[in-house]
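# fold the stuff below for me.
(one chain, ligands or ions: 1)
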Amino acid sequence: MNVDVFTLFPQAFDWYLSQVHIRNAVELGHTVRLTNYRDHTPLSHLQVDDTPYGGGAGMVLRIDVVCAALEAVFPGNAERARDGRRVVELTPKGRQLDDALAAELAGQDLVLLCGRYEGIDERVTHLVTDRVSIGPYVLSGGEVAAMAVLDAVTRKLPSVISNPESVVSESHSAELEGGAEYPHYTRPAEFRGWRVPDVLLSGNHGEIDRWRALQVGKG
Ligand code: 6GU
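Model (predicted):
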């Protein structure tokens, strides 16, 4: 899976991309590449945005700038970046990310277009296959949303999660049809009078499985 992120703030991804599950994915041959729209703007003074036609607050990321950045990375017409890829605009107007969408995107080559300001000129619709939101609220830019998409999608890739215990709980999540997992506890068994349920200390795995199923309404 090859991911290309377009953003005005590539540094925003530094911490996230250094995390172990992304490094594992890269070791397995997946790639994540960051492109700054500003590095490819055809406009003078490194301009990337402009005031909205019709007036109103804020600035809009220009479509000519988005096209130039796409064409710098994918030579040819920017509309063709969709050939063999999902080109995703992160926007609060998009389809809300859920487990099914994460699974659908996993393993496909992705382009994530982050907007800032009031977003990207609406003609970006000519370039994308998908418009994705991470929830019913407005963020000041697409970067946090792009990281949420990347995180949810990367977890779906086979063998990216290296800790086998995590894989077990992942499969539990799948069994739970996207619902919450059972509650987790670790040492100490008692802290300030707050006790871990006795059944989890019992060593009786039949009982433990029944208790966990009950917690998620499957008992
Ligand atoms: Cl994808 N972008 C922005 N700017 N705000 C959001 C969002 C995306 N998803 C929820 N709110």
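
# enumerate the residues of the protein near the ligand.
With Cβ under 6 Å from any ligand atom as the criterion, the chain meets the ligand at residues 90-92, 94, 132-135, 137-139, 141-142, 145. In this view, the C-beta of every residue, glycine as well, is placed from N, C-alpha and C.

# which parts of the chain are helices?
Secondary structure of the chain by DSSP state H: the helices cover 14-17, 20-27, 63-73, 99-105, 143-154, 164-175, 198-201, 205-215.

# can you select the buried ones from the residues of the chain next to the ligand in PyMOL?
To isolate the buried members of the residues of the chain next to the ligand in PyMOL, using 16 or more other Cβ atoms under 10 Å:
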select buried, resi 90+91+92+94+132+133+134+139+141+142+145
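
# save the helices of the chain as JSON lines, and put in mean pLDDT and distance to Leu43 too.
Below are the helices of the chain laid out as JSON lines (pLDDT from 0 to 100; distance: least, Cβ to Cβ, whole Å):
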{"stretch": "helix 14-17", "mean pLDDT": "98", "distance to Leu43": "27"}
{"stretch": "helix 20-27", "mean pLDDT": "94", "distance to Leu43": "33"}
{"stretch": "helix 63-73", "mean pLDDT": "98", "distance to Leu43": "7"}
{"stretch": "helix 99-105", "mean pLDDT": "97", "distance to Leu43": "32"}
{"stretch": "helix 143-154", "mean pLDDT": "97", "distance to Leu43": "22"}
{"stretch": "helix 164-175", "mean pLDDT": "53", "distance to Leu43": "46"}
{"stretch": "helix 198-201", "mean pLDDT": "98", "distance to Leu43": "61"}
{"stretch": "helix 205-215", "mean pLDDT": "97", "distance to Leu43": "57"}
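
# possible to save the ones you listed as JSON lines with distance to Leu34?
Converted to JSON lines, those look like this (distance: least, Cβ to Cβ, whole Å):
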{"stretch": "helix 14-17", "distance to Leu34": "8"}
{"stretch": "helix 20-27", "distance to Leu34": "12"}
{"stretch": "helix 63-73", "distance to Leu34": "10"}
{"stretch": "helix 99-105", "distance to Leu34": "18"}
{"stretch": "helix 143-154", "distance to Leu34": "10"}
{"stretch": "helix 164-175", "distance to Leu34": "27"}
{"stretch": "helix 198-201", "distance to Leu34": "43"}
{"stretch": "helix 205-215", "distance to Leu34": "40"}
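
# outline the domain layout of this structure.
2-154, 165-215 (automatic domain parsing).

# out of everything not next to it in sequence, what's closest to Gln96?
Nearest residue to Gln96 in three dimensions, chain neighbours excluded: Ser133, at 5.3 Å (Cβ to Cβ, 6 or more residues apart in numbering).
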